[in-house]
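[1] Sequence plus the predicted model coming up.
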Amino acid sequence: MIRAVFLAAYAFALLAAYQLGDKCTPSELSSKEPCNNVTLTCDDLTNRCAFVGCRIDEYLDEWPANLPAPPQCGVTEYCPNNRVGCMPKVKQGDICSFGRDDSCEGEVGICLAQKCFLKDVQLGQPCIIDDVSLYLINRDNCASGSFCSTNTRTCVGALENNEPCSEDRQCHSGACRKNICGSDIDYNHFPTWGYIIIGVGCFALLASCILFIYLRRRRRMNAYKKSVAKLENYRRSLLDQSNHRIPSSLASQPVGQQHLATPSNSTTSFRS
């Protein structure tokens, strides 16, 4: 009912704008090809482009703001990968899609090897391991606090911190780091010695900058002092040269006698 109301609300407005009814391949679920629009999906029953009738995630990427978002499915339903419309959840033992635990019935439903199971197998009971490369990690149907042993294929108790491990699922904390169970928070914690190294490095960098500025100013000051001393020596040499140019006879007489001697000599030369 919800899906019918949703489709009827904007079907007429989009019929002319989008490529409804075009042929497509069910395996091609891209938003660009072959349906060429984020609001269209490939219906695997008709091999035709159809409106998106439901959403898998709460948020939709690149969905047009002027269009109502497709509804989320109810508790007893799930949205398949083709997103054509909500479907009843898959029963235990039936086929499910890779990684779609939400498509299986039950609060602890899990999709292993494309079949729905309940993740509630107790200690010592036979279990199933899904080692499909799509997940990149192994998964099993053992209850919380246990894992399926790869050797015995039975559920065994989860490992505590500091115990040897080979997978995250074997640890209570869910974190197997360097083949040792540990806290995931501690693994992401930055070590104390790292802060010490950063602090020492910052202090050394600051000290280097201060020392560089000090040496640079000192070098400039020394250059300035040398230039001033050079100018002073040059000025003194000029004064010394000017003093040597004055006749020694005049330099030894008082200033008044030097002026009187000059007219007397001129008068004597005139009379002669």
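    Perfect, I can see it now.
[2] C-alpha from now on. contacts and neighbour counts both.
    Noted.
[3] OK, contacts around the nearest residue to Leu112 once chain neighbours are set aside?
    Spatial nearest neighbour of Leu112, chain neighbours left out: Asp130 (5.4 Å); criterion: CA to CA, 6 or more residues apart in numbering. By CA atoms under 8 Å, 6 or more residues apart in numbering, the residues touching Asp130 are 112-113, 138-140.
[4] Same check on Lys91?
    104-105, 116.
[5] again, only this time at 6 Å
    For Lys91, the contacting residues are Glu105, by CA atoms under 6 Å, 6 or more residues apart in numbering.
[6] What segments of the stretch 51-200 of the chain are helices?
    184-188, 192-244 (DSSP state H, counting those that start in this stretch).
[7] quick one, which of those helices is nearest to Arg83?
    With CA to CA as the measure, helix 184-188 is the member of these nearest Arg83 (35.0 Å).
[8] Is the residue nearest to Leu112 bridged to anything, and to what?
    With DSSP bridges as the criterion, Asp130 is bridged to Arg139.
[9] For it, give me the pLDDT.
    On pLDDT, Asp130 comes in at 89.
[10] Out of the helices of the stretch 51-200 of the chain, which gets the lowest mean score?
    helix 184-188 (a mean of 59).
[11] related to what we said a few turns ago, switch the helices of the stretch 51-200 of the chain over to TSV; also include mean neighbour count and distance to Arg177.
    Shown next, in TSV, are the helices of the stretch 51-200 of the chain (neighbours: other CA atoms under 10 Å; distance: least, CA to CA, whole Å):
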stretch	mean neighbour count	distance to Arg177
helix 184-188	10	8
helix 192-244	11	19
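[12] how much space between the closest residue in space to Ser144 that isn't next to it in sequence and Ser173?
    Counting by CA to CA, 6+ apart, Ser144 lies nearest to Asp120, which is 7.5 Å off, once chain neighbours are set aside. As judged by CA to CA, to the nearest Å, Asp120 and Ser173 stand 18 Å apart.
[13] quick one on the thing from earlier: what is the burial count for the residue nearest to Ser144?
    A total of 16 residues lie near Asp120 under the criterion other CA atoms under 10 Å.
[14] Is it in contact with Ala143, as I believe?
    Yes - contact criterion CA atoms under 6 Å: Asp120 and Ala143 qualify, at 4.2 Å.
[15] From Asn222, how far off is the closest residue to Arg100 other than its chain neighbours?
    The shortest distance from Arg100 to any non-neighbouring residue, by CA to CA, 6+ apart, is to Cys111 (6.2 Å). Counting by CA to CA, the gap from Cys111 to Asn222 is 80 Å.
[16] And Lys230, by the same measure?
    For Lys230, the distance to Asn222 equals 12 Å [CA to CA].
[17] Ser173 now?
    For Ser173, the distance to Asn222 - CA to CA - is 66 Å.
[18] Check Cys148 too.
    Distance from Cys148 to Asn222, by CA to CA: 79 Å.
[19] and if you look at Arg235?
    Distance, Arg235 to Asn222, by CA to CA: 20 Å.
[20] mind giving me the domain split of this structure?
    Domain assignment for the chain by the TED database gives 14-86, 89-118, 120-185.
[21] so which of those domains is the most packed in?
    Of all those, domain 89-118 carries the top mean neighbour count, a mean of 20, counting by mean count of other CA atoms under 10 Å.
[22] Please state the mean pLDDT value computed over it.
    92.
[23] gap between the two ends of it?
    13 Å.
[24] same thing with stretch 105-123?
    Its start and end residues considered, stretch 105-123 measures 22 Å (CA to CA).
[25] swap in stretch 117-127?
    Per CA to CA, stretch 117-127 runs 10 Å from first to last residue.
[26] which residues are contacting it?
    Contacts with stretch 117-127, where a contact means CA under 6 Å, 6+ apart, come from 92, 108-110, 141-143, 148, 153-156.
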